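1. Build the 3D model from these lines:
(chains A and B)
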Amino acid sequence: MHRPQRAMVDRTFDAITLDAFTPRGMMRMALNVMQQSAETFRVLMPGQDSRVVWQEFRNKLQAFDLFEHVDSELRLPSGTSLPLTELIERTSALGAYRAVWAMEGVGHYYAETFYSRNGVPQNLLRSENASALPAISMTALHAGMGLAFANRLLGTVNPQSPASEIQRALEQFIALCQDNSRRGYIGATYESLGLVARNLYPQMVQIIDRQLSEISDLLVDYFWHGVGRAIYFAPTNFLPFNNAPWRGVEMSRREPANESGRLNALAGLVWAAMLVNIRQPEIVETLLKHHGNELIQSDSLSNGASSAVMIWRDSTIDDSYLDAFCQYQPKSSDAGLIDLWTNQVLRPCQDALQHIYPVLKEHDYLGETFRYQSLPELVARLKRESVEARRHPVLSG
Amino acid sequence: MSGSVGLGKEAGVSEMGQLLDEMIGRPLRAFFLGMEMFNQRVDSTRAIDGMFSRVAHALSQPRSRNDRSEATSNLSQGSRMNNEPATGARINQLNSAVFTDKDRLLLDRVENALADGRALKRWWDQTYPNGFAEKFELERVFNRPDSSFGFFDQVTLDDVVLPVMGNFQEMFYDQPRTPASLNREAALWMRDQTREFVLRYFMRVSAFRQPEVYVESERRNLPSYLKSLSWCNEPDILRQGFGFTQHYYKLRDTGQIGKFPAGSESAIVDLREIGRKYEWIVVKVRIFDFSFRFRPFGSNGPELSFPLTEESYLVLSRDFILDEDETSPDYLGRYGLGYSFIRDPAQGLIGYGPGQFRAAIEIINFEVQKSGEIRVSMIFVADRPERITNISLNPVDWSFRLADLFSFGMASRLFGPVRNSFERIPTGLDSIDPVYGFISLVNALTADHATRQLCISREQLEKDFLAQHFIQHYATIVGSLLTWRQIPDWLDSNALPEWVARGRSS
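-> Purely as a prediction, here's the structure:
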């Protein structure tokens, strides 16, 4: 069914069920109207930058809408339940781009609903039933599940809570991630803590950073990567008036207390910008145009871009957007920008898809892309370990 | 584990309850969750992000997940503040015949308040004079040999990192006026007088009445409708300083907790008995003329004046009593008193100040130097305010009360089942602070220019509070000087006026 017809049917359906007149329905309607308006502005506004920021605004709205209203999008009957396999099946029918964001919403919805009705979940995405789930759903499901866990547990503490209480909440979060994540995807679950903390509990960010550093530096990396992703989606960065130049770049450099946090936050920001706008590479080009010089001070740009394309490859069957992205040539005649695109985005992405992704997939290490690190070094280590394991199967076993 | 989500509890919730929850409960939850961000100590950008994210998420999340409020309702209550009563810490020595429920509520908080006070004092001893995270000028006194500063820092109390603020002030008090040949003798005399005055009488005489207009006592009382037209002077008592009264004690030897007998409240015990006879005593202080002014539209605009709680309970233990004779070559003696504030069990409109501190101490030390000169130093450390006012926001309760009023109680009976839905509105968000809300809002709208250019910030309010505190203590010490000078010999207890001996100074 064509999209306008479908929207018409949706509205009729909503009116019949009165959902359109609830605050939630009105919120969704507002999001839809904003998306339509953004599209109108995009067409009417003069100048490449203006069109780009309106397109980006629309993409963000769409991603948010699909995540939050996944039950409406999938037409889940109120008060009933569906097996996770069916939820995924329905989500996959939405098309490659929409399915990725809706899948994250499914992960969140499923974990939260399960938690509400049955208590603390165990083996949510690692049980025998879950093992039959399609691999392309895994990353987004884990990310969504992590968001639900983080939101639950951060709601139980505040800045005045004793350090031991906050520590306990974080340990509970870690335990939930470990108990419910499938091997190789736990990084996606951990990273969600940063997103929830930065956008729903910003008063807790520095405290969590301190507390996590007492548990594990790796967790701190995931956390700041999530904060970077949150900064991309932050309401103050949502409106097109605040983009091009993107304030999020400066915020990602300013908010973390140390260099490692900054690298992760920047990588997380780029990661989110890439995934949301993968259909329009010109948006990423505009980001480079305004912030290329800041971003190339480290390899967080190439790291975020490489990780994003690998996650996209892992989350979709239809690679047409990815192919188009990898063949994109900047419209600008600026040699510096073309050079930046080629060296910081295009080549790292091609390299990631050809050489890094297969190794990470083979070793169940895709969750590692949810934090900043040297991916070539990670791959080299995994290969080395693999060789060692073949040489000394008893020792490695 | 099942691969699908069970239905269980959902079936029990009425359709009407669900509809009302969806139509009213959800937007209210979204509103409260968003508003709560204005009470958080984060910069305006993150406050706005937090507010919009919370509102958007609360409005959008699927219905079955709305019970998140149960988790977020703990936002304001999740932890035990140190000054809160500890579970199971009720004092078993209480005699139920003597103590009222109010007494017990208060006494339950004494030990924790004392522990916090000791920790704050330890922190102060380790941090003074140059270890503060942020130290700033607070007040200047023209042509007076005084010094003062304010500070912001953090203290870890029982595992909780508590942002604190405070001030230190030191001032000249008195000196002997004697020929040089008698200096040593005069200095020793001053020391003995100071010791007695500070440790025995200071708390009895630290409240004063300002000069009052003479009012003829034989004049007839006017009817109320004529009073507003009258030019006759009316009795008008202006008090200053601190009025202490003692209420509870814990005996050192037996651990017995008791109440000071009626009539002896103002005659505060000799502080040297604390540590010998008493483990601690609880006193109540009445602070006169202490209000917090808020001018949202500048110094020439309308002013909101919040009279801070005038009464607060305090606990004094040996940790806060200073009684040292010549332990250093620099001075002849040091005498002082201090106390830890006990948080009032009842929450009122004012969310900060005496009676509402989560943890606070005040220390007043007198030092007699070799020359006989007396100097006073005062230390104040308290938690930084999370909020200034508590404006109750419980529309569910308001609505049902109003509906009951007009329906003779039928509303509650008819809509009782759906009321449960509304109870899920975050209970920790049932009050707002318009003062901090205004600051956050105006900074959010001006991208923090209000802070940078107009000093509209929490820090500025906190400094104003400290300045007010400084002035209050300055006035108290200066006021006590007249009383100190008025008595020729503080050691001659038989010659002391009754108002001093009984502590009826105001």
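
2. In whatever helix or strand A:Glu104 lives in, which residues are buried?
-> In the assignment (DSSP states H and E), A:Glu104 maps to helix A:96-118. By neighbour count with 16 or more other CB atoms under 10 Å in any protein chain shown, helix A:96-118 contains the buried residues A:96-117. Glycine gets a C-beta too; all of them are placed from N, C-alpha and C.

3. near chain B at all, that helix?
-> Yes: judged by CB under 8 Å from any CB of the partner chain, helix A:96-118 comes into contact with chain B through A:109-110, A:112-114, A:116-118.

4. For B:Glu265, state which of those residues is nearest.
-> Comparing the residues of helix A:96-118 next to chain B against B:Glu265 with CB to CB places A:Ser116 closest, at 54.7 Å.

5. Could you check how far that closest one is from A:Gly107?
-> Going from A:Ser116 to A:Gly107 by CB to CB, to the nearest Å gives 15 Å.

6. now do A:Ala99
-> Distance, A:Ala99 to A:Gly107, using CB to CB: 12 Å.

7. Give the residues shared as contacts by these two.
-> By CB atoms under 8 Å, 6 or more residues apart in numbering or on different chains, A:Ala99 and A:Gly107 have no common neighbours.

8. which ones are touching B:Phe369?
-> I think there's a mix-up here, since residue B:369 is Gln and not Phe. B:Gln369 touches B:187, B:330-332, B:375, counting by CB under 8 Å, 6+ apart.

9. I meant to write B:Lys463 there.
-> Applying CB under 8 Å, 6+ apart, we find B:Lys463 in contact with B:136, B:138, B:150.

10. I figured A:Glu165 was touching A:Val157, is that so?
-> Yes: judged on CB atoms under 8 Å, A:Glu165 makes contact with A:Val157 at a distance of 5.8 Å.

11. if you count what's nearby, which of these two comes out ahead?
-> A:Val157 (25 against 18; other CB atoms under 10 Å in any protein chain shown).

12. Now the more buried one. Its backbone dihedrals?
-> Phi and psi for A:Val157, reported as degrees, to the nearest 10, are phi -130, psi 160.

13. how about the nearest residue to residue 159, chain neighbours excluded?
-> Reading this off chain A. Take A:Pro159 and drop its neighbours on the chain: the residue closest to it by CB to CB, 6 or more residues apart in numbering or on different chains is A:Gln203, 5.3 Å away.

14. nope, chain B please
-> Leaving aside its sequence neighbours, B:Asp159 sits nearest to A:Pro162 (CB to CB, 6+ apart; 3.9 Å).

15. That neighbour - how many residues pack around it?
-> 20.

16. Just name the shakiest helix or strand of chain A by mean pLDDT.
-> Every helix and strand in chain A was compared by mean pLDDT, DSSP states H and E; the lowest is helix A:393-396, with a mean of 52.

17. got it, and chain B?
-> Per mean pLDDT, DSSP H and E, bottom of the list for chain B is helix B:68-72, a mean of 37.

18. Following element in sequence after it, please.
-> Using DSSP H and E, the helix or strand that follows helix B:68-72 in sequence is helix B:101-107.

19. Follow the chain on from that next one and name the next helix or strand.
-> Criterion used, DSSP H and E; the element after helix B:101-107 is helix B:110-127.

20. elements contacting that following helix?
-> Under the contact definition 3 or more CB pairs under 8 Å, 6 or more residues apart in numbering or on different chains; DSSP states H and E, helix B:110-127 sits against strand B:147-157, strand B:278-287, strand B:311-317, strand B:331-342, strand B:360-369, strand B:374-383.

21. what angle do it and strand B:374-383 make?
-> Angle, helix B:110-127 to strand B:374-383, by axes from the mean of the first three to the mean of the last three CA atoms, to 10 degrees: 120 degrees.

22. Within the sheet, what are the partner strands of the very next helix or strand once past helix B:110-127, with directions?
-> Using DSSP H and E, the helix or strand that follows helix B:110-127 towards the C-terminus is strand B:134-136. Here strand B:134-136 has these sheet partners by DSSP bridges: strand B:147-157 (antiparallel).

23. and the strand it pairs with, average pLDDT?
-> The average pLDDT within strand B:147-157 is 90.

24. Can you name the residues of the stretch 351-500 of chain B that neighbour chain A?
-> Contact residues (CB under 8 Å from any CB) of the stretch 351-500 of chain B with chain A: B:Glu386.

25. chain center to the longest helix anywhere in chain B: distance?
-> The residue-count maximum for a helix in chain B (DSSP state H) belongs to helix B:458-486. Centroid separation between helix B:458-486 and its chain, computed with CA atoms, centre = their mean, to the nearest Å, is 15 Å.

26. Need the mean per-residue confidence for it.
-> 87.

27. how about the CA coordinates for the following helix or strand past that helix, as PDB?
-> Downstream of helix B:458-486, the first helix or strand assigned by DSSP H and E is helix B:498-501. Below are the C-alpha coordinates for helix B:498-501, written out as PDB (Å, rounded to 0.1, in the frame of the first residue of the first chain):
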ATOM      1  CA  GLU B 498      17.600  37.500  87.700                       C
ATOM      2  CA  TRP B 499      17.100  37.900  84.000                       C
ATOM      3  CA  VAL B 500      20.600  36.700  83.400                       C
ATOM      4  CA  ALA B 501      20.400  33.800  85.900                       C
END
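
28. So what touches helix B:498-501?
-> With contacts defined as CB under 8 Å, 6+ apart, helix B:498-501 is touched by B:201, B:204-205, B:267, B:483, B:487, B:493, B:504-505.

29. what's the lowest-pLDDT member of the residues you listed?
-> Scoring the contacts of helix B:498-501 by pLDDT puts B:Ser505 last, at 63.

30. What strand or helix carries the residue sitting nearest the centre point of chain B?
-> Here the mean C-alpha position of chain B is nearest to the C-alpha of B:Pro354 (CA atoms, centre = their mean), at a distance of 2.2 Å. According to DSSP H and E, B:Pro354 maps onto no helix or strand at all.

31. ok, it touching B:Glu311?
-> Yes: assessed by CB under 8 Å, B:Pro354 is found in contact with B:Glu311 at 7.4 Å.

32. Now do the shared contacts for those two.
-> Counting by CB under 8 Å, 6+ apart, the common neighbours of B:Pro354 and B:Glu311 are B:285, B:287.

33. Filter the contacts of helix B:498-501 down to the buried ones and express that as a ChimeraX selection.
-> Buried residues among those (16+ other CB under 10 Å), as a ChimeraX selection:
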select /B:201,204,205,267,483,487,505
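
34. what's the closest of the contacts of helix B:498-501 to chain A?
-> Nearest to chain A among the contacts of helix B:498-501, counting by CB to the nearest CB, is B:Arg204 at 37.2 Å.

35. For that closest one, which non-adjacent residue is spatially closest?
-> B:Gly503 (3.3 Å).

36. again, but for B:Glu386
-> The shortest distance from B:Glu386 to any non-neighbouring residue, by CB to CB, 6+ apart, is to B:Asn39 (6.6 Å).

37. Could you pull up the residues touching A:Ala267?
-> By CB under 8 Å, 6+ apart, the neighbours of A:Ala267 are A:225, A:228, A:300-301, A:303-304, A:307, A:371-372.
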